[in-house]
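Asker: Only the shape, not the letters, is given here:
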DNA sequence: AGTCATCGCAACTCAGAGTTGCGTTAGAGT
DNA sequence: ACTCTAACGCAACTCTGAGTTGCGATGACT
């Protein structure tokens, strides 16, 4: 729906350039300081062109986030829950370590941009749901106590990573990912995550 | 230091009113939509008065956050790590459940307001450091395996609470606090938090 | 090569950030 | 109770960025 328009005229190129420029500006200045003119200039496009395709700044940002987040998460299958959790955590760290990933996550969380709340909710709900599969497989393999809540396991895994990004604001690394996986595994195995 | 000026003239009253109005506006509209005129009107003060005391909007917001965050955290001492962790988690939930707490936390995290980054860092570092005491006491009581990292335990405790506030955006409740305490305790006892 | 939707450009309006000068008032000291 | 002064209210600015409009130029598909 979003990108699936018949590619006629210069539409698609302009659209892609403007959305990419929006993400880049978000990464550099954040939403509060983002100006449409800066986006247009970066995209090599005139300001009015932006307003012809998007009604206002909020819609533009929301669409850029939606577009940038469309790629789906590859779900690992290493054979053990420990391996899968580490892969998931490392993939999240890798995404949030990039300039665009951090900017997208921060914008989704930070500001009350109308339209972004729903995008954020769908995005995280989708990611969580996909990740749950590795926990379900572990349950089937008997790696975890019955009654363990897959969604809560995933939340336990990603929580310290987002905490570091948003709260303590230190750099993300694979050591953090591995520790998150280790802690989550220990808690889940002990039956604490119901 | 912040509010400790000799109370001469109408200064202190105006300062308190404007800072309170700033927090209230942050809670209602967020930083991106916050206008100085709205703050002034809410504080029953003229716009120029605000600009006489604070150089710009960013300084005003930073000062309001700094002032609002000055209250120090009461550290529980229930006798058991489980009890202390639950108290800490519930206190955090209570703070973040209020309108101002959520607004303050969101503003600190969300936008790149110059001056706020440092306030955020100090605030969270201070809170973490204070909370660590309960873990140190548990280590002395032999409740946890030697080598357990107090700071990491605290981070494990608060991570799912901030995750729910910022990422999944569901309502915070004591059940969340208790689960966070339960999971943290299980992971720490198993020796996974080094 | 022609057609038409799309884009560039200039010229607006409007709101909010931040500033200045001057008249007015609240409050501390005697 | 009465000054006297620092702090406040007010009006009138400038400036930047959001969002709009009309017209002429250009690029993509037939």
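Answerer: Here it is on my side, so go on. Computed from a predicted structure; not experimentally measured.
Asker: Would you confirm that residue A:77 contacts residue A:137?
Answerer: Yes: using CB atoms under 8 Å, residue A:77 is in contact with residue A:137, at 7.4 Å. All C-beta atoms are positioned from the backbone trio N, CA, C, and that covers glycine.
Asker: Give me the more crowded residue out of the two.
Answerer: residue A:137 (17 against 12; other CB atoms under 10 Å in any protein chain shown).
Asker: contacting residues around that one?
Answerer: For residue A:137, the contact set (CB atoms under 8 Å, 6 or more residues apart in numbering or on different chains) comprises A:77, A:81, A:84.
Asker: let's see it at 7 Å
Answerer: Residue A:137 is in contact with no residue at all, counting by CB atoms under 7 Å, 6 or more residues apart in numbering or on different chains.
Asker: what's the answer for residue A:16, then?
Answerer: Not one residue lies near residue A:16 by CB under 7 Å, 6+ apart.
Asker: Can you give me the distance of residue A:53 to chain B?
Answerer: According to CB to the nearest CB, to the nearest Å, residue A:53 and chain B sit 22 Å apart.
Asker: Skipping its backbone neighbours, what lies nearest that residue in space?
Answerer: residue A:15 (6.5 Å; CB to CB, 6 or more residues apart in numbering or on different chains).
Asker: how deep is the one you found tucked in, by neighbour count?
Answerer: Each residue near residue A:15 was counted by other CB under 10 Å, and the total is 21.
Asker: Kindly report the same for residue A:44.
Answerer: Residue A:44 has 10 nearby residues by other CB under 10 Å.
Asker: does it really touch residue A:17, like I thought?
Answerer: Yes: the criterion here is CB atoms under 7 Å, and residue A:44 meets it with residue A:17 at 6.5 Å.
Asker: can you give me the helices for chain A?
Answerer: Secondary structure of chain A, counting by DSSP state H: helices at A:11-29, A:36-43, A:47-53, A:57-68, A:81-97, A:99-110, A:116-140, A:150-163, A:174-189.
Asker: Run the chain-centre distance for the fourth one.
Answerer: So the one you mean is helix A:57-68. 14 Å (CA atoms, centre = their mean, to the nearest Å).
Asker: In chain A, what residue lies closest to chain B?
Answerer: Using CB to the nearest CB, the single residue of chain A nearest to chain B is residue A:110, 2.4 Å away.
Asker: That residue: what's it in contact with?
Answerer: Residue A:110 sits next to A:31, B:106, B:109, B:110, B:111 when contact means CB under 7 Å, 6+ apart.
Asker: Mind doing that once more with 8 Å?
Answerer: Going by CB under 8 Å, 6+ apart, residue A:110 touches A:30, A:31, B:106, B:109, B:110, B:111.
Asker: what number of residues lie near the second one?
Answerer: This points to residue A:31. When neighbours are counted by other CB under 10 Å, residue A:31 registers 27.
Asker: re the thing from before, find the residues that touch each one of residue A:77 and residue A:137.
Answerer: residue A:84.
Asker: one step back: which of the contacts of residue A:110 sits closest to DNA strand C?
Answerer: Proximity of the contacts of residue A:110 to DNA strand C (CB to the nearest atom of the strand) peaks at residue B:111, which lies at 13.5 Å.
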